[in-house]
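Peer 1: Pasted the sequence and its predicted model underneath.
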Amino acid sequence: MLIKGLVYENGEWIQKIAEYPDVIFDRLKLRGDSDANWIYEELSDIPFTNEWPVCLQSRSNIHEALSNIEELSGILISLKEVERTRDIFSALEISKKVFLKRNDWDLMGQIHINQISQSKYIVTEKGKEIEYNGLQLLNKLREDLKEHRYILHEDPRSTLNEQHFTLNTDIMLVEEQQWELLTVYAREESGKIIKEEDLSSYLQSIIEENSVENILTEMENLSNNVASSLRIALGDSVSTLSMTFAVDDNNNLKLIEANPSGSNIIPDVQALSEGIIKRANWLLKNEMK
């Protein structure tokens, strides 16, 4: 059978008609979503490199699994399921900055709230900043909570630089019990991506130079340990993992979250492709046994 799609050739995506693939890397990540069932049924006889059904585990469930990993003691940030608006304002009284995130992993449902003064708040949502007073924010949050379930956590990112950033790793299981770190990158609040080749110099311009190597090494080690532990805790379908870290004001590494459906950002297509090919080869060998 033939299918129309995009093929990555010589650094660009080209539209082509080709045979159905031997192995699929799932960028939709909608397995289990009723609206997308027909796609997965159509492709049911083709092995996937990442079979994680994103809708089955909430952010809070993943966080609970992470909290049982000994290596994350003191590194994993605390998380709270939001029951009422008071939960959010109580958190703001303590830390002045919080993240609200949809518990169902909808990446568009992220809200960053920064309390500027007693009655002034800056809310960043879908790339836009809006100023609210206390009553306006209360009314907005009431409406948000009517629509969706949210979790909240403090903003652990350093305040020592003007541009807040997160550190991110993408890791894939390429063979049985063999995880491979595909990409390491930073992402600024503006959306700008700092790729792995520029990451060291970028961090040295922000934090203490002698801390940079330790942070990057610790992040790599944790990514491997957490990936192995989550696969044991959540099942064999965990084959890709995207982890989001922050560096706090004391240059300590903090883990914000780990997403078993993988990243929606691809900073390095080549590295991802190489990882997919390794896993695809392994899956095909198993299929033929």
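Peer 2: On my side now, so go ahead.
Peer 1: Show me the beta-bridge partners of R187.
Peer 2: Under DSSP bridges, the beta-bridge partners of R187 are T166, I193.
Peer 1: what about it, distance to N50?
Peer 2: 21 Å (CB to CB, to the nearest Å). All C-beta atoms are positioned from the backbone trio N, CA, C, and that covers glycine.
Peer 1: For those two, work out which one has more neighbours and name it.
Peer 2: Legend: neighbour count by other CB atoms under 10 Å for R187 and N50, higher for N50 (22 against 18).
Peer 1: quick one: contacts for that one?
Peer 2: The neighbours of N50, taking CB atoms under 8 Å, 6 or more residues apart in numbering as the test, are 25-26, 29, 172, 239-240, 261-262.
Peer 1: Any idea which of the residues you listed the model trusts least?
Peer 2: Note: of the contacts of N50, the lowest pLDDT belongs to K29, at 72.
Peer 1: Next up, phi/psi of the closest residue to that residue other than its chain neighbours, please.
Peer 2: Nearest non-adjacent residue to K29, counting by CB to CB, 6 or more residues apart in numbering: S261, 4.6 Å away. Dihedral pair for S261: phi -90, psi 0, per degrees, to the nearest 10.
Peer 1: what about S261, how many neighbours?
Peer 2: 21.
Peer 1: The one 3 residues further on now?
Peer 2: Using other CB under 10 Å, N264 has 11 other residues around it.
Peer 1: State whether it is indeed within a strand.
Peer 2: No - counting by DSSP: H, G, I helix; E, B strand; the rest coil, N264 falls outside a strand, being coil.
Peer 1: Quick check: it vs K96, distance?
Peer 2: From N264 to K96 the distance is 28 Å (CB to CB).
Peer 1: do the same with W282
Peer 2: Applying CB to CB to W282 and K96 gives a distance of 48 Å.
Peer 1: Equivalent analysis for K146, please.
Peer 2: Taken as CB to CB, the span from K146 to K96 is 26 Å.
Peer 1: Of those two, which one has the most company?
Peer 2: K96 (16 against 7).
Peer 1: Looks like the more buried one contacts S117 (just checking).
Peer 2: No - the pair K96 / S117 is not scored as a contact, 10.0 Å apart, by CB atoms under 8 Å.
Peer 1: buried residues in the helix or strand containing L141?
Peer 2: Using DSSP states H and E, L141 sits in helix 134-147. When neighbours are counted by 16 or more other CB atoms under 10 Å, the buried residues of helix 134-147 are found to be 137, 140-141, 144-145.
Peer 1: Reformat those residues as CSV; add pLDDT.
Peer 2: Output for the buried residues of helix 134-147, formatted as CSV (pLDDT from 0 to 100):
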residue, pLDDT
L137, 97
K140, 96
L141, 97
D144, 95
L145, 96
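Peer 1: possible to save those residues as a markdown table with distance to Q178?
Peer 2: Shown next, in a markdown table, are those (distance: CB to CB, whole Å):
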| residue | distance to Q178 |
| --- | --- |
| L137 | 48 |
| K140 | 47 |
| L141 | 45 |
| D144 | 42 |
| L145 | 43 |
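Peer 1: Max pairwise distance over those residues: which two?
Peer 2: L137 and L145 (12.3 Å; CB to CB).
Peer 1: any idea of the mean pLDDT in the helix or strand containing L6?
Peer 2: Assigned by DSSP H and E, L6 belongs to strand 2-9. Averaged across strand 2-9, the pLDDT comes to 82.
Peer 1: Note down every partner strand of the helix or strand following it and its orientation.
Peer 2: Sequence-wise, the next helix or strand downstream of strand 2-9 (DSSP H and E) is strand 12-19. Partners of strand 12-19 in the sheet, by DSSP bridges, are strand 2-9 (antiparallel).
Peer 1: And the partner strand, how far out from the chain middle?
Peer 2: 27 Å (CA atoms, centre = their mean, to the nearest Å).
Peer 1: I figured Q57 hits L234, correct?
Peer 2: Yes - here Q57 lies in contact with L234, judged by CB under 8 Å, at a distance of 6.6 Å.
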